[in-house]
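K.L.:
prediction below, plus the sequence it came from.
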Amino acid sequence: MNDIIKYFIDNGYLISPDALEDIHEEDSLIIIDYLKTLKEKPSVINKDLINLIKQNKKFIPLNWNEFDKSRVLFEKNKDKTTYNSFLSVMDPKPMNGFSDLIEVELKENETGYEEQLSNGEESNVIILKNYYAGDKKYEVKDFVNYFKLRYDKIKDLLISRKELQNSTSINRVLNKIDREGTAIIGLVNDKRTTKNGNLILNLEDPTGLINVVVSKNKPELFDLANDTLLDEVIGVTGQVGDKIIFVNGLFYPDIPINNELKKAEKEEYALFTSDMQVGSKVFYEKSFLKFIDWLNGDYGTEEQKNIAKKVKYFLIAGDVVEGVGVHPGQEEDLEIKDIYQQYEKFANYIEKIRKDIKIVICPGNHDAMRIAEPQPIIDKKFSKKLNEMPNVYLITNPALVNIASTNDFQGFNVLFYHGFSFPYIAENVESIRKGGRLENVDLIMKYLLQRRHLAPSHTSTQYLPGNDEDALFIEKIPDFFISGHIHKTKVMNYRNITLMNCSCWVGMTEDQERRGIKPDPCKAILVNLKTREVKILNFMET
C-alpha cells in the first residue's frame, strides 16, 4: 500500500483514502499512463476517477479542476448536484460502490421537476449549475437567511482586497475613537442625500448598523456611491467620527483585473440568440427559417456556409415562446393561443437543426414557468419533444454551463440569465439611467458583474430564497455572460468576459412600446471560440 502511495506522489499526485480500497499495483500504471495524456490534470485521485479509468479506459472531456472542487463541496454537504452531474457525465451507469451518490441522473428530483444532465458519454456540454428552489411555504426567516448567505458570500470576495483585509465589525467601529482609520463590509440598508448635498449610506452587518458619509467634494467617490443600490454588499474604508464613518474608499466584489481570456485550440463557433417568442403575431418566421437554413448549410455564400459547418453550439437565453397571460391584453398579440401548441411549434423548428449542433436553452418570463427566479427547466409536460431531443440541453434560469472542453482545454463557462432584473437596474442606477437606460443593456450586464449578483436589490426581480444558496449570486467567473429580455443586440468585453445581450425574433408590440423596449430583431451573435472574435449576423427579411 505504501508503495502505491509513493508511486502516485512521485508522479505528482495525491491519492485519497477511499481510492486505496480496491487499487492494485497494476492499476497504478494504467492510471498514471492515462493521466499523462491530460493537459488539465486532477490534483487528487479519488475512487470515482479510478473507476472511470478502469471501467472505460477512454478519454472523457472534463474540467478536472471543477471536478476536484465539486467533490470537496459534496463532502462538506454544501452542493451535491454539481458533483453528481460530473459523475453522470463520467459514466451514465452507476459506478461500483457509488450508486448511492448518483441522486439526480434523469429522475424526478425533490421539487417535482426532472433535471437534465449532459447527454452522451463524450459530451462537451456540461451543466455545472442548475438551480432549484424547493416547494415550501416561505417565512420571514427564509429571507433573513437568504440575505445573510448573500452577505457572507460577497464578504468572502471583498475580504481578499488588501484595503479590506483588516476590516472589522460595525459593532466594534461604534466604539472606536474619532479620526481613527477603519474598514468595514456591510449591506446597504438605506441611502439618502443630506441638505448639503452629501450622500449617506446606512450599512448593516450581523453586529449592527452605522451611517457612512460620502462627500460631494469627492466626485469620483460620490458617483460610485450614487450608483449603489439598496441591499448591495460593499466595502468601505474611512475615518471614524461620532458613530459615523467619513468615506475615503468604496469597494465592490467585481471581477479580478487579471482574469484570463480563454481561447480554444481549434476553430469552432458558438451561436447566441434569444426571445423567439413563437406564437406571437409579430414572430418573424421567414427570418427564423432562413437562419435555420444557414445553420444547415442550405443558405448563404460558400464562405458563410463553411462557417455554418463549424457551428457546434447554439445557446438560447429564454422566451422561446410568446406564452399566454403574460401581460394584460396579450391575447390580441397571439397567433397561437394555446401554450402547448406554441411549444410544439418551437420544437418543430429546433428539430430541423442538424443534430451535431448542441443546443442549450434556458427559460424566460414568457415561458410556461413561474416568473420567480430561479426558474426551472422547460418541463416535459409542456414539451416532451424538447426534453427528448438528444442534442438539446434544458437548463434553469439562471444557470452555468461549460462548453467546448477537450483533453487539452478546460472549456468555456457560460452564465445564462434571461434578464428580468434589467429594467429595474436601468431605472435605479443613476449613471445607467442618464446613459440611455435599456438602450445600453451592456452597461447593465457590466454593473451586475461588478456587483457579482444578477439582482442586487430586493425589488429588482421576483425570487425564491434557496435553502443553502443564492441562485443569483455570481460565484464562478464566467467566460461568457448571455442574456435576453431587452430584445437588443449588445456585445461588450469586460475584463476578458464576453457580455452578450441577444436579439429577438419578434417585432414591436404595444406592451413593448409601453415598457420602452425597441426590438432589434432577427440577429444572432457568432463567436469564434479559437480567436474570441464576435460577429453579428442579420437574418432580417427585407
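P.N.:
That came through, no problem. Numbers count the residues shown, from 1 in each chain.

K.L.:
mean confidence score for the top helix by length along the chain?
P.N.:
Taking DSSP state H as the criterion, the chain has its longest helix at helix 140-158. Regarding helix 140-158, the rounded mean pLDDT is 93.

K.L.:
identify the residues contacting the spatially most central residue of the chain.
P.N.:
Nearest to the geometric centre of the chain sits Leu415, at 2.8 Å (C-alpha atoms, centre = their mean). Going by C-beta atoms under 8 Å, 6 or more residues apart in numbering, Leu415 touches 398-400, 474, 478, 480-482. The way it works is simple: take the backbone N, C-alpha and C, and place the C-beta from them, glycine included.

K.L.:
which one of those residues is nearest to Gln277?
P.N.:
Lowest distance from Gln277 to the contacts of Leu415 (C-beta to C-beta) belongs to Ile482, with 17.1 Å.

K.L.:
show me the helices in the stretch 101-250 of the chain, by range?
P.N.:
140-158, 170-173, 219-226 (DSSP state H, counting those that start in this stretch).

K.L.:
which elements pack onto the last one?
P.N.:
The one in question is helix 219-226. Using 3 or more C-beta pairs under 8 Å, 6 or more residues apart in numbering; DSSP states H and E, the elements in contact with helix 219-226 are strand 199-205, strand 208-214, strand 244-251, helix 430-434.

K.L.:
flag every buried residue along the second one.
P.N.:
Looking back up the chat, that one is strand 208-214. For strand 208-214, the neighbour count (16 or more other C-beta atoms under 10 Å) marks 209-210, 212-214 as buried.

K.L.:
could you do the last one as well?
P.N.:
By neighbour count, with 16+ other C-beta under 10 Å as the criterion, the buried positions of helix 430-434 are Ile432.

K.L.:
now do it: distance to the chain's middle.
P.N.:
25 Å (C-alpha atoms, centre = their mean, to the nearest Å).

K.L.:
one more: stretch 493-504?
P.N.:
13 Å.

K.L.:
name the nearest residue to the residue nearest to the centre of the chain, ignoring sequence neighbours.
P.N.:
Spatial nearest neighbour of Leu415, excluding adjacent residues (C-beta to C-beta, 6 or more residues apart in numbering): Pro478 at 3.8 Å.

K.L.:
what do you get for Gln512?
P.N.:
Using C-beta to C-beta, 6+ apart, the nearest residue to Gln512 is Pro519, at 6.6 Å.

K.L.:
what's downstream of the helix or strand containing Tyr34, the next helix or strand?
P.N.:
Tyr34 belongs to helix 25-36 when assigned by DSSP states H and E. Sequence order places strand 44-45 as the next helix or strand after helix 25-36, per DSSP H and E.

K.L.:
check which helices and strands that next one sits against.
P.N.:
So strand 44-45, by 3+ C-beta pairs under 8 Å, 6+ apart, packs with strand 14-15.

K.L.:
show me what the strand it packs on is packed against.
P.N.:
Strand 14-15 sits against helix 2-10, strand 44-45, with contacts defined as 3+ C-beta pairs under 8 Å, 6+ apart.

K.L.:
quick one: strands adjacent to it?
P.N.:
Sheet pairing of strand 14-15 (DSSP bridges) gives strand 44-45 (parallel).

K.L.:
where does pLDDT dip in the stretch 101-250 of the chain?
P.N.:
101-123, 134 (pLDDT under 70).

K.L.:
quick revisit: partners of the residue nearest to the centre of the chain in the sheet?
P.N.:
With beta bridges defined as DSSP bridges, Leu415 has these partners: Leu400, Phe481.

K.L.:
quick thing: my sequence starts at 4, can you match it?
P.N.:
All set: I'll call the first residue 4, so the last point we hit is now Leu418.

K.L.:
check what pLDDT it gets.
P.N.:
Looking at Leu418, the pLDDT reads 98.

K.L.:
for stretch 256-265, which positions count as buried?
P.N.:
Here stretch 256-265 shows 256, 258, 265 as buried, counting by 16+ other C-beta under 10 Å.

K.L.:
name the nearest residue to Leu397, sequence neighbours excluded.
P.N.:
Ile380 (4.1 Å).

K.L.:
surely Asp357 and Ile295 touch.
P.N.:
Not quite, residue 357 is Arg, not Asp. No. Judged on C-beta atoms under 8 Å, Arg357 makes no contact with Ile295 at a distance of 9.3 Å.

K.L.:
settle it for me: which of these two has more neighbours?
P.N.:
Ile295 (18 against 13; other C-beta atoms under 10 Å).

K.L.:
check the more buried one and give its pLDDT.
P.N.:
97.

K.L.:
one step back: for the helices of the stretch 104-253 of the chain, which one sits closest to Lys312?
P.N.:
The closest of the helices of the stretch 104-253 of the chain to Lys312 is helix 143-161. By C-beta to C-beta, the value is 41.6 Å.

K.L.:
what residues does that closest one touch?
P.N.:
In contact with helix 143-161 (C-beta under 8 Å, 6+ apart) are residues 167, 170, 188, 190, 208-209, 234, 236-238, 254-256, 455-456, 468-469, 471-473, 476, 478.

K.L.:
please redo it, this time with the cut-off set to 7 Å
P.N.:
Helix 143-161 is contacted by residues 167, 188, 190, 236, 238, 254, 256, 455, 468, 473, 476, 478 when judged by C-beta atoms under 7 Å, 6 or more residues apart in numbering.

K.L.:
over to stretch 538-545?
P.N.:
The contact list for stretch 538-545 (C-beta under 7 Å, 6+ apart) reads 287, 289-290, 293-294, 492, 524-529.

K.L.:
the residues you listed in strands, which ones?
P.N.:
Judged by DSSP state E, strands contain the following of the contacts of stretch 538-545: 526-529.

K.L.:
how about those residues in TSV, adding distance to Ser408?
P.N.:
Putting the ones in strands among the contacts of stretch 538-545 into TSV (distance: C-beta to C-beta, whole Å) gives the following:
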residue	distance to Ser408
Lys526	28
Ala527	23
Ile528	21
Leu529	20
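
K.L.:
now these as CSV including neighbour count, distance to Asn309 and pLDDT?
P.N.:
Listed next are these as CSV, based on neighbours: other C-beta atoms under 10 Å; distance: C-beta to C-beta, whole Å; pLDDT from 0 to 100:
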residue, neighbour count, distance to Asn309, pLDDT
Lys526, 21, 20, 96
Ala527, 22, 17, 97
Ile528, 24, 19, 98
Leu529, 19, 13, 98
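
K.L.:
ok, Asn410 - how many residues close by?
P.N.:
Asn410 has 13 nearby residues by other C-beta under 10 Å.
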